[in-house]
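Peer 1: turn this into a structure:
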Amino acid sequence: DELRTSAAASIGAADDAAGAAPGPAPADGSGEVLASSSDDLTIFLWRPAASKKPLARLQGHQRPVGALAFSPDGRLLASSSFDGSVRLWRAGDGSGKFVGTLRGHVGPVYQVGWSGDSRLVVSGSKDSTMKVWDVATRRLKMDLPGHADEVFAVDWSPDGARVASGGKDRMLKFWRA
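Peer 2: Below you'll find the model as predicted:
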(Lines give C-alpha, C1' and ligand atoms only; values in the text may rest on other atoms or scores of the structure.)
Protein backbone atom coordinates (compact mmCIF):
# COMPACT_ATOMS: atom_id res chain seq x y z
CA ASP A 1 0.00 0.00 0.00
CA GLU A 2 1.08 3.52 -0.75
CA LEU A 3 0.72 6.63 1.37
CA ARG A 4 -1.01 9.40 -0.49
CA THR A 5 0.71 12.67 0.31
CA SER A 6 -0.88 15.04 -2.17
CA ALA A 7 -4.40 16.29 -2.56
CA ALA A 8 -5.06 14.19 -5.62
CA ALA A 9 -6.25 10.63 -5.97
CA SER A 10 -7.48 8.35 -8.71
CA ILE A 11 -9.30 5.11 -9.30
CA GLY A 12 -9.88 3.05 -12.38
CA ALA A 13 -7.72 1.80 -15.18
CA ALA A 14 -4.33 3.13 -14.11
CA ASP A 15 -1.82 4.65 -16.45
CA ASP A 16 1.48 4.33 -14.61
CA ALA A 17 3.20 6.65 -17.07
CA ALA A 18 0.82 9.41 -16.04
CA GLY A 19 1.42 8.77 -12.34
CA ALA A 20 -2.11 7.59 -11.64
CA ALA A 21 -2.63 5.34 -8.64
CA PRO A 22 -3.99 1.90 -9.50
CA GLY A 23 -7.47 1.01 -8.40
CA PRO A 24 -10.55 -0.93 -9.43
CA ALA A 25 -11.95 -0.10 -12.85
CA PRO A 26 -15.49 1.30 -12.84
CA ALA A 27 -18.10 -1.34 -13.68
CA ASP A 28 -19.47 0.72 -16.56
CA GLY A 29 -16.07 0.69 -18.31
CA SER A 30 -16.06 4.48 -18.57
CA GLY A 31 -12.45 4.89 -17.45
CA GLU A 32 -10.54 6.33 -14.56
CA VAL A 33 -12.04 8.82 -12.11
CA LEU A 34 -9.66 11.42 -10.68
CA ALA A 35 -10.18 13.73 -7.73
CA SER A 36 -8.42 17.04 -7.15
CA SER A 37 -8.67 19.80 -4.58
CA SER A 38 -7.43 23.34 -4.20
CA ASP A 39 -7.23 26.23 -1.76
CA ASP A 40 -10.74 27.36 -2.72
CA LEU A 41 -12.13 24.61 -0.42
CA THR A 42 -13.54 22.54 -3.29
CA ILE A 43 -12.92 19.08 -4.67
CA PHE A 44 -13.47 18.19 -8.31
CA LEU A 45 -14.11 14.77 -9.82
CA TRP A 46 -12.85 14.18 -13.34
CA ARG A 47 -13.01 11.47 -15.97
CA PRO A 48 -10.16 12.65 -18.22
CA ALA A 49 -10.61 9.91 -20.83
CA ALA A 50 -14.15 11.15 -21.47
CA SER A 51 -14.04 14.94 -21.02
CA LYS A 52 -11.93 17.91 -20.01
CA LYS A 53 -14.82 19.19 -17.88
CA PRO A 54 -15.28 18.07 -14.27
CA LEU A 55 -17.97 15.50 -13.45
CA ALA A 56 -18.80 17.10 -10.11
CA ARG A 57 -17.81 19.90 -7.75
CA LEU A 58 -17.81 18.81 -4.10
CA GLN A 59 -18.28 21.54 -1.53
CA GLY A 60 -18.61 21.57 2.24
CA HIS A 61 -15.18 21.95 3.83
CA GLN A 62 -14.68 25.26 5.63
CA ARG A 63 -10.88 25.34 5.27
CA PRO A 64 -8.45 23.96 2.64
CA VAL A 65 -8.50 20.24 1.86
CA GLY A 66 -5.32 18.43 2.93
CA ALA A 67 -5.65 14.98 1.39
CA LEU A 68 -7.91 12.79 -0.73
CA ALA A 69 -8.13 9.00 -0.79
CA PHE A 70 -10.43 6.66 -2.70
CA SER A 71 -11.67 3.57 -0.91
CA PRO A 72 -10.12 0.34 -2.23
CA ASP A 73 -13.51 -0.76 -3.56
CA GLY A 74 -13.66 2.47 -5.56
CA ARG A 75 -17.06 3.61 -4.25
CA LEU A 76 -16.15 6.40 -1.81
CA LEU A 77 -13.72 9.28 -1.51
CA ALA A 78 -12.45 10.54 1.86
CA SER A 79 -11.25 14.13 2.13
CA SER A 80 -9.36 15.59 5.08
CA SER A 81 -9.35 19.27 5.83
CA PHE A 82 -7.75 21.97 7.89
CA ASP A 83 -11.28 22.55 9.28
CA GLY A 84 -10.68 19.47 11.50
CA SER A 85 -13.04 17.13 9.66
CA VAL A 86 -13.01 14.18 7.30
CA ARG A 87 -15.80 14.06 4.73
CA LEU A 88 -17.03 11.06 2.77
CA TRP A 89 -18.36 11.33 -0.78
CA ARG A 90 -19.78 8.93 -3.36
CA ALA A 91 -17.17 9.22 -6.04
CA GLY A 92 -16.58 6.00 -7.96
CA ASP A 93 -19.71 6.67 -9.99
CA GLY A 94 -18.65 10.30 -10.55
CA SER A 95 -21.67 11.74 -8.70
CA GLY A 96 -19.81 13.37 -5.81
CA LYS A 97 -22.83 12.94 -3.54
CA PHE A 98 -22.06 13.86 0.08
CA VAL A 99 -22.25 10.85 2.44
CA GLY A 100 -21.25 12.21 5.84
CA THR A 101 -18.76 14.04 8.06
CA LEU A 102 -16.39 12.46 10.58
CA ARG A 103 -15.70 14.90 13.43
CA GLY A 104 -13.50 14.45 16.46
CA HIS A 105 -10.13 16.04 15.79
CA VAL A 106 -9.41 19.37 17.46
CA GLY A 107 -6.93 20.50 14.81
CA PRO A 108 -6.41 20.33 11.06
CA VAL A 109 -6.60 16.82 9.59
CA TYR A 110 -3.61 16.24 7.34
CA GLN A 111 -4.02 12.69 6.08
CA VAL A 112 -6.57 9.91 5.55
CA GLY A 113 -6.25 6.25 4.63
CA TRP A 114 -8.63 3.34 4.02
CA SER A 115 -8.52 -0.20 5.36
CA GLY A 116 -8.25 -2.83 2.63
CA ASP A 117 -11.89 -3.85 3.07
CA SER A 118 -13.14 -0.24 2.74
CA ARG A 119 -14.92 -0.44 6.11
CA LEU A 120 -12.58 1.78 8.14
CA VAL A 121 -10.86 5.14 7.65
CA VAL A 122 -7.87 6.36 9.63
CA SER A 123 -7.08 10.08 9.96
CA GLY A 124 -3.99 11.89 11.23
CA SER A 125 -4.07 15.40 12.63
CA LYS A 126 -2.20 18.39 13.96
CA ASP A 127 -3.77 17.50 17.33
CA SER A 128 -1.16 14.67 17.58
CA THR A 129 -3.76 11.89 17.32
CA MET A 130 -4.93 9.33 14.84
CA LYS A 131 -8.53 8.30 14.76
CA VAL A 132 -10.07 5.16 13.27
CA TRP A 133 -13.61 5.61 11.94
CA ASP A 134 -16.30 3.07 11.09
CA VAL A 135 -17.57 4.09 7.66
CA ALA A 136 -20.98 2.37 7.95
CA THR A 137 -21.91 4.10 11.22
CA ARG A 138 -19.70 7.18 10.69
CA ARG A 139 -18.64 6.89 14.34
CA LEU A 140 -15.25 6.92 16.01
CA LYS A 141 -14.06 3.37 16.54
CA MET A 142 -10.63 4.07 18.07
CA ASP A 143 -8.74 7.11 19.29
CA LEU A 144 -4.98 6.62 18.96
CA PRO A 145 -3.03 9.24 20.92
CA GLY A 146 0.68 8.76 21.37
CA HIS A 147 2.57 11.11 19.10
CA ALA A 148 4.24 14.08 20.78
CA ASP A 149 3.40 16.35 17.84
CA GLU A 150 1.47 16.56 14.56
CA VAL A 151 0.68 13.35 12.61
CA PHE A 152 1.55 13.78 8.94
CA ALA A 153 1.25 10.26 7.52
CA VAL A 154 -1.11 7.33 8.07
CA ASP A 155 -1.67 4.01 6.33
CA TRP A 156 -2.97 0.47 6.88
CA SER A 157 -1.05 -2.77 6.70
CA PRO A 158 -2.16 -4.93 3.76
CA ASP A 159 -3.95 -7.38 6.10
CA GLY A 160 -5.80 -4.55 7.89
CA ALA A 161 -4.53 -5.63 11.30
CA ARG A 162 -2.28 -2.63 11.92
CA VAL A 163 -2.13 1.09 11.26
CA ALA A 164 1.13 2.98 10.79
CA SER A 165 1.69 6.65 11.49
CA GLY A 166 4.51 9.13 11.14
CA GLY A 167 4.70 12.55 12.71
CA LYS A 168 6.57 15.74 13.33
CA ASP A 169 8.00 14.10 16.45
CA ARG A 170 10.10 12.00 14.00
CA MET A 171 8.51 8.80 15.26
CA LEU A 172 7.03 5.98 13.22
CA LYS A 173 4.36 4.15 15.21
CA PHE A 174 2.44 0.95 14.58
CA TRP A 175 -0.96 0.28 16.13
CA ARG A 176 -3.19 -2.77 16.33
CA ALA A 177 -6.45 -1.93 14.64
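
Peer 1: residue 57: what's it in contact with?
Peer 2: Residues near residue 57 by Cβ atoms under 8 Å, 6 or more residues apart in numbering: 42-44, 96. (Each C-beta comes from the backbone N, C-alpha and C, glycine too.)

Peer 1: most neighbours of all these, which one?
Peer 2: The most neighbours of any of those, using other Cβ atoms under 10 Å, belong to residue 43, which has 28 neighbours.

Peer 1: now the closest residue to that residue other than its chain neighbours, what are its backbone angles?
Peer 2: Residue nearest to residue 43 in three dimensions, not counting chain neighbours: residue 58, with 4.0 Å by Cβ to Cβ, 6 or more residues apart in numbering. Dihedral pair for residue 58: phi -100, psi 120, per degrees, to the nearest 10.

Peer 1: which non-adjacent residue is nearest residue 147?
Peer 2: Residue 147's closest residue in space is residue 167 (Cβ to Cβ, 6+ apart), at 4.2 Å.

Peer 1: stretch 43-60: which residues count as buried?
Peer 2: Residues of stretch 43-60 classed as buried: 43-47, 54-56, 58, 60 (neighbour count, 16 or more other Cβ atoms under 10 Å).

Peer 1: residue 112 reaches residue 76, doesn't it?
Peer 2: No: contact criterion Cβ atoms under 8 Å: residue 112 and residue 76 do not qualify, at 11.0 Å.

Peer 1: can you tell me the SS state at the residue lying closest to residue 166 once chain neighbours are set aside?
Peer 2: Excluding the flanking residues, the one nearest residue 166 by Cβ to Cβ, 6+ apart is residue 153, at 4.1 Å. Classification of residue 153 using DSSP: H, G, I helix; E, B strand; the rest coil returns strand.

Peer 1: any figure for the gap between residue 153 and residue 106?
Peer 2: 19 Å (Cβ to Cβ, to the nearest Å).

Peer 1: of these two, who's got more company?
Peer 2: Shown here are residue 153 and residue 106; by other Cβ under 10 Å, residue 153 has more neighbours (17 against 11).

Peer 1: name whatever forms a beta bridge with the residue nearest the centre of the chain.
Peer 2: Geometric centre of the chain, nearest residue: residue 69, 2.9 Å, by Cα atoms, centre = their mean. Beta-bridge partners of residue 69, counted by DSSP bridges, are residue 78.

Peer 1: that one contacts residue 113, doesn't it?
Peer 2: Yes: using Cβ under 8 Å, residue 69 makes contact with residue 113 at a distance of 6.0 Å.
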